[in-house]
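Novice: Sequence below, structure please.
(one chain, ligands or ions: 1)
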Amino acid sequence: MSKDTLFSAPQDSVKAFEFDQQVVEVFPDMIERSVPGYKTIIQGIGELAEKFVQLDTNIYDLGCSLGAASFSIRQKLIEPSCKIIAIDNSKAMVERCRLIQSSYNFDMSIEVIEGDINELTMENASIVVLNFTLQFLPISERLPLLKKINQALKPGGILILSEKLQMETAEMDEAIIDLHHKFKKRNGYSDMEIAQKRAALENVLIPDTRESHKKRFADAGFNHYETWFQHYNFVSFLAIK
Ligand code: GEK
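Specialist: Numbers count the residues shown, from 1 in each chain. Have a look, this model is predicted:
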């Protein structure tokens, strides 16, 4: 696994973050050292899928990157009547995801699509995963997507939504972001790397507050929604139709 050193050299002007080939090369290391609880969330996604899957349904992994959530689900699910569809709009991510899949020995393959989530037709779903993807969509696209997901889900179907949260007040935001930066430092990132990555993500990753997530779940038609995981400002919600 290649080490993430993308922001280790000083840059005159930090360009906006993109999911390109350079990021693909270091992605597993980057996400593990940057997102508290990532492995636990990936494991939880597999376990939730095992509990909520319904026969003859589709499972969608939206913004799949290298497919970690899909592979976690596939390892838990032996239900042959279900299909896993993983989509990402980064060509580099999709190509690597397909390569990784070819190294696994799954009986049933995962369909990996290169495309925009907003253009995907979803139907007959029992599980939909948005694992740290919604935060990269423009705010105006978020509610329409959640409505589309809700409509595609069968009754009792679930959405697992993981996101970086913005805290409700500036004071709390500052305190929790500071804890997250300490976490990154413990994981070997320098202050400069942390600052440059933060600048690259400005206006690219736009976090919502917990209240806006809750309101959006309700507006999209979900009956039940709850936090099932949180570490600092990284949260994963379970919403049930
Ligand atoms: C994981 N879920 O490891 N359509 C399709 N893909 C998109 C779109 C879009 N409109 N916008 C962003 N993406 C993964 C991690 S990473 C999170 C998800 C992170 C894709 C983008 O190309 C990237 O691969 C992914 O969403 C977000 O469980 O890196 O912090």
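Novice: what comes into contact with stretch 222-230?
Specialist: Residues outside stretch 222-230 that contact it (C-beta atoms under 8 Å, 6 or more residues apart in numbering): 37, 40-41, 44, 48, 146, 150, 159, 162, 210, 213-214, 217-218, 235-241. (Glycine included, C-beta is placed from N, CA and C.)
Novice: Now restrict those residues to buried residues only.
Specialist: 37, 41, 44, 48, 146, 150, 159, 162, 210, 213-214, 217, 235-241 (16 or more other C-beta atoms under 10 Å).
Novice: that older thread, and the contacts of stretch 222-230, which of them are in strands?
Specialist: Here DSSP state E is the test, and those give 159, 162, 235-240 as lying in strands.
Novice: in this protein, which helix or strand is least confident?
Specialist: helix 191-201 (a mean of 74; mean pLDDT, DSSP states H and E).
Novice: Give me the packing partners of it, helices and strands only.
Specialist: When contacts are defined as 3 or more C-beta pairs under 8 Å, 6 or more residues apart in numbering; DSSP states H and E, helix 191-201 packs onto helix 170-186.
Novice: Compute the inter-axis angle for the helix it packs on and helix 191-201.
Specialist: With axes from the mean of the first three to the mean of the last three C-alpha atoms, to 10 degrees applied, the angle from helix 170-186 to helix 191-201 works out at 120 degrees.
Novice: does any part of helix 170-186 sit near the ligand?
Specialist: No: legend: contact between helix 170-186 and the ligand by C-beta under 6 Å from any ligand atom is lacking; minimum distance shown is 13.0 Å.
Novice: quick one: that helix to chain centroid distance?
Specialist: 20 Å (C-alpha atoms, centre = their mean, to the nearest Å).
Novice: what sits up against it?
Specialist: 33-34, 36, 166-167, 191, 193-194, 232-234.
Novice: Closest to the centroid, which residue in the chain?
Specialist: N131 (2.0 Å; C-alpha atoms, centre = their mean).
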